[in-house]
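>>> With the input below, show me the fold.
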Amino acid sequence: MVGYTFRTYISEGKEYFLFGEQEISGDAEIKKDFPFPESLMAFLDLDIWALEPLFKKMDRALLSLYSSRDEAWAVEVQSVLDELAPVHIYFQFLRLDWTHRLEQAQRQKYETVQDLLPHKEISHIPSNIDTMQKQIRNLFAAVLDIDGISEKRSVSKRMAAYYRAHGEDTLHTFQFQPLPLCFEAIDEETFTEVLYPKTIYDLADYALRECVRREVRMRVCKNCGRWFAILGRSSAEYCDRVIDNKGRTCKDVGSIAQWTRKRSSDEIFKIYRREYKKRFAWIKAGRVTQEEFYTWSEQARREKQRCDDGEITLEEFSDWLIRS
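Residues are numbered from 1 along each chain as shown. Below you'll find the predicted structure:
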């Protein structure tokens with residue numbers, strides 16, 4: 001490849017990624033799109049430490065390339081880049097960028113290999129991404145959390161307050177950087193701001209600042225405990241992540257759990273109400289006194305609450321009512 005292209009922009013609720021190798025033959029760009037801000041949320045979900053062995057493998061290969069200038073090590077680096085690229089769209093950029101560098105180093109017969117292919121740039125990626133993930137979650141909690149923010153301040157004011165309070169803690173707060181942005185025509189109907197990233201971190205930076213600028217509301221999913229963007233109903237409590245081999249999402253599982261809880265709660269109330277009415281009728285029949293009934297009803301309410309809270313099962317509550 002002579003060079004490469006990689007750019008991204010957001011339009012009408014979607015984020016678009018256009019990339020490709022600039023062959024002499026002029027291959028067409030690949031275009032991928034996702035609902036905004038899916039790339040950032042997937043970036044947050046990355047188990048980056050599970051990928052660390054791949055980055056270590058590249059690091060070792062680069063160090064061996066420095067000392068031997070044997071092209072076999074460059075091939076190994078390329079194979080790992082190819083393996084990483086499908087994991088996340090941001091790693092597509094990493095593959096293109098480093099493939100281009102490897103080709104430059106090859107043309108120079110690896111004479112300036114350490115300048116073109118600095119191994120620390122690769123070896124530090126897992127720890128850098130881990131830090132960024134934590135910083136982004138902190139920002140969500142302080143600024144965009146739809147549940148955790150009670151005061152009705154604007155997002156801009158929340159951002160100012162957050163960075164005023166934590167700005168000096170660079171490990172805690174996300175460090176926004178200048179970005180290579182253009183304002184240009186994409187096609188006949190789209191004219192917008194376009195990012196031409198220099199690093200994979202530019203991509204996360206761009207997506208996060210767009211979340212802030214667009215005031216995208218965030219919430220922690222009640223099933224998986226991960227952040228998700230509220231793009232529709234503000235009452236949504238579960239995300240759309242697929243969580244099992246049946247293809248079910250947190251939203252699917254959450255709906256089932258809600259229905260089960262509601263049905264269970266209804267059954268608890270039904271058997272409690274049925275027993276309550278029966279015992280109340282006993283007063284008129286002279287089978288119990290009012291004092292005995294009210295003593296029983298207090299105990300019954302406590303047992304019902306225990307059942308509502310899951311401390312005892314519906315069967316155990318039913319048995320208690322029968323025996324009481």
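>>> From now on I want contacts and neighbour counts done on CA atoms only, so please keep to that.
Noted.
>>> Excluding covalently adjacent residues, which one is nearest to the spatially most central residue of the chain?
Residue closest to the average C-alpha location in the chain (C-alpha atoms, centre = their mean): M41, at 3.3 Å. Of all residues not flanking M41 in the chain, F228 sits nearest, at 6.9 Å (C-alpha to C-alpha, 6 or more residues apart in numbering).
>>> And the strands in this structure?
Along the chain, counting by DSSP state E, strands occupy 3-11, 14-22, 30-35, 181-185, 191-195, 217-220, 227-230.
>>> Tell me which of these lies nearest to L321.
L321 lies closest, by C-alpha to C-alpha, to one member of those: strand 217-220, at 38.9 Å.
>>> got the domain boundaries for the chain?
The chain breaks down into these domains under automatic domain parsing: 3-164, 250-323.
>>> how long is the first one from one end to the other?
End-to-end distance for domain 3-164: 42 Å, by C-alpha to C-alpha, to the nearest Å.
>>> Now do it: distance to the chain's middle.
Counting by C-alpha atoms, centre = their mean, to the nearest Å, domain 3-164 is centred 16 Å from the centre of its parent chain.
>>> again, but for the last one
Taking the mean C-alpha point of domain 250-323 and that of its whole chain, the gap between them comes to 40 Å (C-alpha atoms, centre = their mean).
>>> how about the strands of the chain in a markdown table, adding mean pLDDT, distance to T131 and mean neighbour count?
Output for the strands of the chain, formatted as a markdown table (pLDDT from 0 to 100; distance: least, C-alpha to C-alpha, whole Å; neighbours: other C-alpha atoms under 10 Å):
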| stretch | mean pLDDT | distance to T131 | mean neighbour count |
| --- | --- | --- | --- |
| strand 3-11 | 95 | 23 | 18 |
| strand 14-22 | 93 | 24 | 18 |
| strand 30-35 | 95 | 25 | 13 |
| strand 181-185 | 96 | 24 | 12 |
| strand 191-195 | 97 | 23 | 17 |
| strand 217-220 | 94 | 19 | 21 |
| strand 227-230 | 94 | 16 | 21 |
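>>> Now tabulate those in TSV and tack on distance to A141.
Listed next are the strands of the chain as TSV, based on distance: least, C-alpha to C-alpha, whole Å:
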stretch	distance to A141
strand 3-11	24
strand 14-22	23
strand 30-35	22
strand 181-185	28
strand 191-195	26
strand 217-220	8
strand 227-230	9
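>>> Look up how far T295 lies from the residue nearest to M41.
48 Å.
>>> Equivalent analysis for D147, please.
41 Å.
>>> go on, A28?
As judged by C-alpha to C-alpha, A28 and T295 stand 80 Å apart.
>>> again, but for R274
17 Å.
>>> Of all the strands of the chain, which one comes closest to E210?
strand 3-11 (8.8 Å).
>>> Packing partners of that closest one?
Packing contacts for strand 3-11, counted by 3 or more C-alpha pairs under 8 Å, 6 or more residues apart in numbering; DSSP states H and E, involve strand 14-22, helix 89-107, strand 191-195.
>>> Any idea which of the strands of the chain gets closest to L314?
strand 217-220 (30.2 Å).
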